[in-house]
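Novice: Need coordinates for the below:
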Amino acid sequence: MFPFLLFVALMAPGWGSAGSVADAATLLDARFARDLHDKKIDELLTLYTTDAVFVDPSGESSGAGLRALYVKITTTLDSDLHLQRTSLKHDLNTLIEDGTYTERLGHRDTGKVDDMKGTYRFTMHKDADGQWRYSRMEWH
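Specialist: Residues are numbered from 1 along each chain as shown. Here you go, the predicted structure:
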């Protein structure tokens with residue numbers, strides 16, 4: 001039996017890594033939601049590649065202005081974001097995650113609370129340092 005298991009492990013290099021890739025995506029998503037909630041802008045920005053793109057529900061995209069975007073968001077809104085993955089595709093150094101989200105947004109100036117929901121698609125790349133980072137975030 002042991003030679004068969006060794007053969008399978010050698011012939012299927014990605015076989016044992018599916019869990020670790022899913023775990024990495026889960027940890028990245030959890031850190032994103034936590035840092036957004038805690039308004040840790042510098043920490044949030046470390047979760048993105050240098051050429052990352054953020055696409056809002058209207059289809060508008062921004063890349064170079066991620067810091068300004070998060071400063072605006074965190075100074076005007078309180079976020080309680082929950083992500084639910086529906087699929088995860090892995091190809092070499094790229095992950096594509098699709099899912100649904102719910103978010104409770106509290107407007108600091110008025111006290112109004114919006115309950116948001118929708119779908120998302122995150123593309124993540126594994127950087128040279130071995131860390132997975134968001135290269136594209138799409139919210140629908």
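
Novice: pLDDT weak spots in the protein?
Specialist: By pLDDT under 70, the low-scoring segments of the chain are 1-19, 64.

Novice: For stretch 96-116, measure first residue to last.
Specialist: 22 Å (C-alpha to C-alpha, to the nearest Å).

Novice: Tell me the helices and strands packed up against the longest helix belonging to the chain.
Specialist: Looking across the chain with DSSP state H, the single longest helix is helix 18-37. Packing partners of helix 18-37 (3 or more C-beta pairs under 8 Å, 6 or more residues apart in numbering; DSSP states H and E): helix 41-45, helix 66-76, strand 77-91, strand 94-107, strand 113-126, strand 132-139. Where C-beta positions appear, they are placed from N, C-alpha and C, glycine not excepted.

Novice: hey, which of those is tucked in deepest?
Specialist: Greatest average neighbour count among those goes to strand 132-139 (a mean of 19), per mean count of other C-beta atoms under 10 Å.

Novice: tell me what it is packed against?
Specialist: Packing partners of strand 132-139 (3+ C-beta pairs under 8 Å, 6+ apart): helix 18-37, strand 48-55, strand 113-126.

Novice: residues in contact with the residue most central in space within the chain?
Specialist: Nearest residue to the geometric centre of the chain (C-alpha atoms, centre = their mean): residue 29, 4.5 Å. Residue 29 is in contact with 83, 85, 97, 122, counting by C-beta atoms under 8 Å, 6 or more residues apart in numbering.

Novice: Just put the residues you listed in CSV and tack on distance to residue 22.
Specialist: CSV is the format used below for the contacts of residue 29 (distance: C-beta to C-beta, whole Å):
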residue, distance to residue 22
83, 13
85, 8
97, 9
122, 13
